[in-house]
Structures are given as C-alpha cells and as structure tokens.
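In: here is the input, now give the coordinates:
(one chain, ligands or ions: 1)
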Amino acid sequence: MISMRHLTKKHGARTAVEALTLEVRPGRVTGFLGPNGAGKSTTMRMVMGLDAPTSGQALVNGRPYAELRHPLREAGALLDPRSAHPGRSARAHLTGMARSNGIPAARVTAVLDTVGLAAVAGRRVGSFSLGMRQRLGIAAALLGDPPVLLLDEPVNGLDPDGVRWLRELVRGLAAEGRTVFLSSHLMSEMQETADHVVVIGRGRLIADEPIASIIERGSRNTIRIRSPRLGDLLPHLAGEGLSMRPAGGSGGDAILVLGGTLAAVGDLAFRHGVPVHELSQRRASLEEAYMELTASSVEYGERDPA
Ligand SMILES: Nc1ncnc2c1ncn2[C@@H]1O[C@H](COP(=O)(O)OP(=O)(O)OP(=O)(O)O)[C@@H](O)[C@H]1O
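Out: Presented below is the predicted three-dimensional model:
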C-alpha cells in the first residue's frame, strides 16, 4: 500500500505536486496518468524517498521509504532506465544491488529469467537497447520480491511482444496481492492493463477511481439508434431530456443519443410503438475520457495559474 497525505513539492515558485491525498491499494494495477509535466515522476520519486516533499508525506506500507528496514524488499521501482552503470554487466548490476540489500544471489538469476534477459546477462549494460534497459530496470524493481512496485513509463522502448509481456507481468503481480503503481502515456495500453486510475494535472488530483467508472463518465458514451420512423421517436427522446446528434453515414435513419441507457431508450421506443432496427452502445475509450478530464484541468489552470 502507498499512501499520500497532502503531498506537495515546490521547486522555487513552481509547484510540481500540490496536496495529493490518495491511497494506492494492493491487489490491483493502478495507472498513473497526466500530461507532460503534471508531476507523475516527482510523485513517484517522493514515494521512493528520492525527492523530499516540501510538505505532506508519502508512506510505503505505513512508513516513509527512508525508514524502511529492508527497502528493496518492501518497494521496488523503475524510475530511470538509464540508472544502471553502462560499463557493468546486467548480472553484475543486479548482484551489486542484491549484495548491498541482503538479498540472496539466487534472486538475480530468477529476475533475469522473469524479464527475459538471462541470455544477455553477461553483456555490458551500455550495449543494451532502451527496451533491454527497461527490462533490466524491471528486474531491479523485482529483485527484493517486494509487495509494492512503482513503474514510471515502463512501456517506453518495448516492442509489441514486450508490451504484452509487461501487461501480463503486472497483472500477475497485482493478482498475487501486490500494489502496482504504473505511469504511461499509452492510453490504449493502460485501458488493457489497469483496474484503477489516478489522474493528475498541474500537480493536482483530477480523478482517483476505477477505470470503468472513468470511461463511463466520459461524455462520449453514446447510444446509436436506427429506425425507419426515427422522426416519430425524436420528440419523445427530447421529452426525456436526452440530447441527440446526427449519426454520420447513416442515410438519415439513425441518430446518436447522449446520456441515456440502452434500456431506457429501447423501452421508450417500445412504449411509443416505434420499430427499432438497431440499438447499440458506443463506449468512450479511456483516451477520450482522459482528454476530457485533463482538458478541463488545463482550463482551470489557466484561470488560476500555479
Ligand atoms: N529538479 C527540478 N527543478 C525544477 N523543476 C522541476 C524539477 N523536477 C521537476 N520539475 C518540474 O516539475 C513539474 C513536474 O515534472 P514531472 O517530471 O514530475 O512530470 P511528469 O508528469 O512525470 O511529466 P512527463 O509525463 O513529461 O514525464 C514539471 O513542471 C517539471 O519541469
């Protein structure tokens, strides 16, 4: 579990993270979203004790990271894939970390296998591609078999096989009851991977809720209805307070209804004896919902500059 209480970070006059209060819970993948510069990396760095909060606090399993007795066994993080020394081999990098944290050497072999780097473990990290470095960073995060994992943009540089592998890995880690906190700009991937989403904009919390409810709230949830007697139905839809817009390419016999439910629209047509040839829901994507959420945060930010 990761807890933040009024977590704030200022760089001079500029506020990078402002009064974030939230809990990242175990047993699910929590996606961490926000535009460039929103404060995601800064937040993760504060959780991992790499940046000191200006005020407020971040706790890992109930304690500040710096006070954990066996930090790598409590929380693992991928924050910067370039952090491993380029002159060392992947195995030497992990072995050094294991040794200084009292982690058995057998874990090094195990995590190299998990991330698919066993065959290149003896190669210098400097010769690795970005995707291989990401895998090494994930291996380092997993080294202490921690219950809490923070991964900042782990998908960067991974090929499609790697992206799928990572999705299955993090879902498996959450299914084991671990806390997985993951940032990414790839909304379609996040939609596949995360159970819960935290969105920030300009350092402030915008949303903290299940991914399904974020998508549900997206105003682009629409119902498409097609009828040979559409004109007879329109006044009744309007009478229910539903707004409508034309459905493109429909030949005029279909419209999109905003805000209703399939059942309500279907029942309404039935009550008024209007035949329906199509009644379908078009769900908003996470990307659409995210764009709406963060667009309003930018408007807010412009009225009230940080
Ligand atoms: N050491 C620093 N000194 C001054 N400002 C900083 C420092 N580190 C971060 N910032 C600023 O804090 C804000 C938040 O940055 P941060 O890197 O946390 O955002 P982010 O959400 O991770 O962005 P991205 O999606 O681009 O990685 C930005 O405006 C950034 O310029």
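In: beta partners of residue 244?
Out: residue 257 (DSSP bridges).
In: report the contact partners of it.
Out: For residue 244, the contact set (Cβ atoms under 8 Å, 6 or more residues apart in numbering) comprises 234, 237, 238, 255, 256, 257, 258. Placement of C-beta: from N, CA and C, glycine included.
In: now, of those, which are buried?
Out: The neighbour count (16 or more other Cβ atoms under 10 Å) marks 234, 237, 255, 256, 257 as buried among the contacts of residue 244.
In: where do the strands of the stretch 1-150 of the chain begin and end?
Out: Secondary structure of the stretch 1-150 of the chain (DSSP state E, counting those that start in this stretch): strands at 2-11, 14-24, 28-33, 55-60, 75-78, 148-152.
In: export those to CSV and append columns for mean pLDDT and mean neighbour count.
Out: Formatted as CSV, these follow (pLDDT from 0 to 100; neighbours: other Cβ atoms under 10 Å):
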stretch, mean pLDDT, mean neighbour count
strand 2-11, 97, 18
strand 14-24, 96, 18
strand 28-33, 97, 23
strand 55-60, 97, 18
strand 75-78, 96, 25
strand 148-152, 97, 24
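In: could you dump those strands into JSON lines with distance to the ligand added?
Out: Shown next, in JSON lines, are these (distance: least, Cβ to the nearest ligand atom, whole Å):
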{"stretch": "strand 2-11", "distance to the ligand": "3"}
{"stretch": "strand 14-24", "distance to the ligand": "3"}
{"stretch": "strand 28-33", "distance to the ligand": "9"}
{"stretch": "strand 55-60", "distance to the ligand": "13"}
{"stretch": "strand 75-78", "distance to the ligand": "13"}
{"stretch": "strand 148-152", "distance to the ligand": "7"}
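In: wait, which of those is closest to residue 115?
Out: strand 75-78 (10.6 Å; Cβ to Cβ).
In: number of nearby residues for the closest residue to residue 144 other than its chain neighbours?
Out: Once flanking residues are discounted, residue 144 sits nearest to residue 72: 3.4 Å by Cβ to Cβ, 6 or more residues apart in numbering. Neighbours of residue 72 under the rule other Cβ atoms under 10 Å: 22.
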